[in-house]
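Visitor: Quick one: sequence and predicted model below, then my questions.
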Amino acid sequence: MKLSNEARRILETSMVINKTSDAERQEVEDVVALMPDDRVFLYKNVVSNPVGDLPRYSIHIRIQHMLTFVTFLTLAFTGLPIAFFEHYWATPLNTMMGGVNVTRVIHRTLASMMIFAMVYHVLTVLLGTLMKIKQGNFELARSIIPTMKDARDFKTDMLYFAGRVMQRPEMDKFMYKQKLHYFAAAFGNIVMVVSGSSFLFPEFWASVLPASIAAHFQEMMRISHPHEALLALLVVAFWHWYNVHLAPGRFPMQWTFLTGKITREHQIEEHFLEYLRCLVEIPKERQLLTVMLEAQNKAELEGSNKSSGG
Amino acid sequence: MYKMTTLSCVLFIILIVTRAPLVLSDEVARGIKPPAVFEDDMGCLLCHKYPKMGRVTEDGERRVYYIMPHVFANTVHRNVPCTDCHSYIKQLPHRKVERGVTCNAICHSIKNPASGKNFSHKPIYDVYKKSSHFRPKRAEGDERDKPYCITCHTNPVYNPDEEALPTEVTDRCMVCHEDRKFVNNWYKHTSRRINKVKRSGKEIVELCSSCHGDEELIQRHVQAAAGGGRELGRKYKIAAKSYKESFHGKVTSYGFTKAASCLDCHANAENYYLSVHDLRPSRDEASPVHENNRLKTCQRCHKYADENYAALDPHPTSDKTENPFRFYAELIYAWVGDTVFVALIALSIFETIGRKRDGVGWRLRDGSSWARRRTKRGRDRVISTENL
């Protein structure tokens, strides 16, 4: 396939960063040349392992996801019956969790764990980025930082879903949806920590804030905590779980959060630019893809022979 | 005819003689104790022992005048002769009752063991008289909405703690005090005040809300106050409702006991039991929630509270007129929440339709989610796993 300018730039950068030898360069170019021009045709004709083929998340990220996942749900289940105490489900749910004397301890303990996960994550990302910058292999496009490209990708993707364009955009390791979700979660996390702390240490917040805004701040926090929690729960239940469990091709579950690996077809479909890096970084992937592409060509040839013969 | 009458009489007598013990044993079987008769010097029970004794008043109110001797014998007033409170009754049968019982009467028969004077609730009644809750026993109009003593002092006649007295305690008293009845009564008197004297936070909220959460009552008083040019508390209209929405209220509703209930802030912690009878509006300097006293009241629980802290609203509300800031903040939150929710679901559906059009299947099987052949747009999967 003839790579787009953007894909070509990413591939070149990756080969420079990885100090790819000339022989390997040739291998990469060969396999790229073998790829069909239509990426749809490419991801439809590869073979994927449901539990994942290509590395995506380090063990740190997986632990952080696990911590956030467990603490978030338990925090929601212990907190929501208090915030929405008048609803019919509130009392049974609260009783099931051991009553308010127990849930208040659980809620605060898990809140500390969630804050720990947050700090752990920020440290991982910061130190990882610093190390990459030091080693000279940091790529902004590969990071979670939103760029204008994401807006373009979003537009193209919508056109694809509407049936107006033939291909999805070439997206990087983190697509527009993931970036949006990541920063929404980060923002929500901060809101929950600050508002939660204003419930636990109201005296502290009242004493550090000026008199004119202390009361308004507390009012704002009082409504923010349950609203943000409910919003987060809805986003997780109806969007995140859709994306990783219910979406076609991901059902019944995407294993990435446990194995750290993404399936080949998913990587090519939604993270094509990252897939190009995989071709540079993982020699075995080049061989596997070559085998698959040859099989595809063969099958195509057979198919056309059959049709011409018939 | 003569024979029949004699026979009837005989049968009737037999019936009475045989049934009477049955009735008694039936009562015993049902757990109703045989009447522990209290001092009925005046013979009030001559009439008031009949269960159906009562009337419907001119206002259509049903009044029951039946006294259950075995129940009354267990109430706190069991030793007070009827006429100490019903002092207007001078003869039997008595005349129409005009005044009724008031709680500030002086008992003629019971002495205060500490002072030796005749016992009376008058001291606490006089405190109550100064509070904003005060009303005379026979009040008219809106005054009737205010609580009289018995509104809060419902005097439960059954106290499970008194069912079986702990003999390991009372036997010890018996060593000197000799009289079992005296000892038991004293034990009940003190234990009731130790174990059950204070309502839980949840019960206090329920009690106060029975009036302060009654919308009709609130409206009556708001209108009356507006008509009479009288000032009402800033939170009067929303007192119970907004408390229940506060964090204090929410956890208290779940039976948590360390969060403030109504009386923790509105009554004075020093001399609490007197103070609950002397509740004042927040504009009264004697009120613990008066702006001069508020900080000290907060500091009882929130040790590090300062002036800013005391300005936080313990009765939060999103009512547009009461708190427009909160009203609009909540409105924006609700809009953002709804929009995000709808937009994300719409996006998910849109995405599903779009990808399905190109032939994606729900499950990743045989190495691909795109094994479904023949889509309108072509570009279908050509290889199968066997090819590899």
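Guide: Structure received.
Visitor: Tell me the buried residues in stretch A:64-77?
Guide: By 16 or more other Cβ atoms under 10 Å in any protein chain shown, the buried positions in stretch A:64-77 come out as A:64, A:65, A:67, A:68, A:71, A:72, A:74, A:75, A:76, A:77. Heads up, the C-betas are built off the backbone N, CA and C, glycines and all.
Visitor: Could you export it as CSV, CA atoms only?
Guide: Provided in CSV are the C-alpha atoms of stretch A:64-77 (Å, rounded to 0.1, in the frame of the first residue of the first chain):
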residue,chain,number,x,y,z
GLN,A,64,-4.0,1.3,38.0
HIS,A,65,-7.0,0.4,36.0
MET,A,66,-7.8,-2.5,38.3
LEU,A,67,-7.5,-0.2,41.4
THR,A,68,-9.6,2.5,39.8
PHE,A,69,-12.2,-0.1,38.6
VAL,A,70,-12.6,-1.8,42.0
THR,A,71,-12.6,1.4,44.1
PHE,A,72,-14.8,3.3,41.7
LEU,A,73,-17.6,0.8,41.7
THR,A,74,-17.5,0.2,45.5
LEU,A,75,-17.3,3.9,46.1
ALA,A,76,-20.4,4.4,44.0
PHE,A,77,-22.3,1.6,45.7
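Visitor: contacting residues for residue 122?
Guide: Looking at chain A here, since you left the chain open. Residue A:122 makes no contacts at all, as judged by Cβ atoms under 8 Å, 6 or more residues apart in numbering or on different chains.
Visitor: wait, I meant chain B there
Guide: Here residue B:122 is in contact with B:104, B:106 (Cβ under 8 Å, 6+ apart).
Visitor: at 6 Å instead, please
Guide: Residues near residue B:122 by Cβ atoms under 6 Å, 6 or more residues apart in numbering or on different chains: residue B:104.
Visitor: Give me the subset of the buried residues of stretch A:64-77 that lies in helices.
Guide: A:64, A:65, A:67, A:68, A:71, A:72, A:74, A:75, A:76, A:77 (DSSP state H).
Visitor: Can you show me the strands along the chain?
Guide: Just so you know, I chose chain A. A:54-55, A:261-262 (DSSP state E).
Visitor: that's the wrong chain, I wanted chain B
Guide: B:54-56, B:62-64, B:106-111, B:118-120.
Visitor: Let me have those strands in a markdown table, extended by distance to residue A:59.
Guide: Putting the strands of chain B into a markdown table (distance: least, Cβ to Cβ, whole Å) gives the following:
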| stretch | distance to residue A:59 |
| --- | --- |
| strand B:54-56 | 80 |
| strand B:62-64 | 76 |
| strand B:106-111 | 79 |
| strand B:118-120 | 78 |
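Visitor: what's the closest of these to chain A?
Guide: For those, proximity to chain A was assessed by Cβ to the nearest Cβ; strand B:62-64 is nearest, at 34.0 Å.
Visitor: State the pLDDT value of the residue of the stretch 101-250 of chain B found nearest chain A.
Guide: Going by Cβ to the nearest Cβ, chain A is nearest to residue B:250 of the stretch 101-250 of chain B, at 4.8 Å. Confidence at residue B:250, expressed as pLDDT, is 95.
Visitor: what does the one 10 residues further on give?
Guide: Confidence per residue is given as pLDDT, and for residue B:260 that number is 96.
Visitor: Just list the residues touching it, thanks.
Guide: Contacts of residue B:260 (Cβ under 6 Å, 6+ apart): residue B:248.
Visitor: ditto for residue B:379
Guide: A:38, A:40, A:41 are the contacts of residue B:379 under Cβ under 6 Å, 6+ apart.
Visitor: and the first one, how far is that from residue A:278?
Guide: The reference is to residue A:38. As judged by Cβ to Cβ, to the nearest Å, residue A:38 and residue A:278 stand 20 Å apart.
Visitor: Look at the two and report which has more neighbours.
Guide: Neighbours were counted for residue A:38 and for residue A:278 using other Cβ atoms under 10 Å in any protein chain shown; residue A:278 has more, 22 against 14.
Visitor: Now do the same for the more buried one: its pLDDT.
Guide: Reported pLDDT for residue A:278: 97.
Visitor: cool, residue B:21 as well?
Guide: The per-residue pLDDT of residue B:21 was computed as 44.
Visitor: for chain A, what are the nearby residues on chain B?
Guide: Contact residues (Cβ under 6 Å from any Cβ of the partner chain) of chain B with chain A: B:250-251, B:253-254, B:256, B:302, B:304-306, B:308-309, B:311-312, B:316, B:326, B:329-330, B:333, B:337, B:341, B:344-345, B:348, B:350-351, B:354-355, B:360, B:362-364, B:367, B:369-370, B:379, B:381-383, B:387-388.
Visitor: Just the buried residues of those.
Guide: Here, 16+ other Cβ under 10 Å leaves B:250-251, B:253-254, B:256, B:302, B:305-306, B:308-309, B:311-312, B:316, B:326, B:329-330, B:333, B:337, B:341, B:344, B:348, B:351, B:354-355, B:360, B:362, B:364, B:367, B:369-370, B:379, B:381-383, B:387 buried among the residues of chain B next to chain A.
Visitor: Let's see which of those residues end up in helices.
Guide: Filtering those for helices - DSSP H - leaves B:250-251, B:253, B:308-309, B:326, B:329-330, B:333, B:337, B:341, B:344, B:348, B:351, B:354-355.
Visitor: For residue B:116, give me its contacts.
Guide: Here residue B:116 is in contact with no residue (Cβ under 6 Å, 6+ apart).
Visitor: What does the pLDDT read for it?
Guide: 89.
Visitor: go on, residue A:149?
Guide: 96.
Visitor: For burial, what's the neighbour tally of the spatially closest residue to it that is not a sequence neighbour?
Guide: Distance criterion Cβ to Cβ, 6 or more residues apart in numbering or on different chains; nearest residue to residue A:149, sequence neighbours excluded, is residue A:141 at 7.3 Å. For residue A:141, the count of nearby residues is 16 (other Cβ under 10 Å).
Visitor: residue contacts, residue B:84?
Guide: Counting by Cβ under 6 Å, 6+ apart, residue B:84 has contacts B:107, B:108, B:109.
Visitor: if we can go back for a sec, among the strands of chain B, which is nearest residue A:224?
Guide: Nearest of those to residue A:224, taken as Cβ to Cβ: strand B:62-64 at 52.0 Å.
Visitor: and that closest one, which strands flank it?
Guide: Strand pairing for strand B:62-64, using DSSP bridges, gives strand B:54-56 (antiparallel).
Visitor: any idea how far residue A:243 is from chain B?
Guide: In this view, residue A:243 and chain B are 8 Å apart by Cβ to the nearest Cβ, to the nearest Å.
Visitor: mind checking pLDDT for that residue?
Guide: For residue A:243, pLDDT reads 95.
Visitor: do residue B:359 as well
Guide: On the pLDDT scale, residue B:359 is placed at 90.
Visitor: what number of residues lie near the residue nearest to it when sequence neighbours are not counted?
Guide: Leaving aside its chain neighbours, residue B:359 sits nearest to residue B:375 (4.0 Å; criterion: Cβ to Cβ, 6+ apart). By other Cβ under 10 Å, 17 other residues sit near residue B:375.
Visitor: tell me which of the contacts of residue B:379 is nearest to residue A:187?
Guide: Residue A:187 lies nearest to residue A:40 out of the contacts of residue B:379, by Cβ to Cβ, at 34.7 Å.
Visitor: what sits against the closest one?
Guide: By Cβ under 6 Å, 6+ apart, the neighbours of residue A:40 are A:167, B:379.
Visitor: rerun at 8 Å
Guide: Here residue A:40 is in contact with A:166, A:167, A:168, B:358, B:379 (criterion: Cβ under 8 Å, 6+ apart).
Visitor: taking those one by one, which sit in helices?
Guide: Those of those lying in helices (DSSP H): none at all.
Visitor: Return the member of those nearest to residue B:205.
Guide: residue A:168 (57.6 Å).
Visitor: so that closest one touches residue A:269, yeah?
Guide: Yes. In this structure residue A:168 lies within contact range of residue A:269 using Cβ atoms under 8 Å: 6.5 Å.
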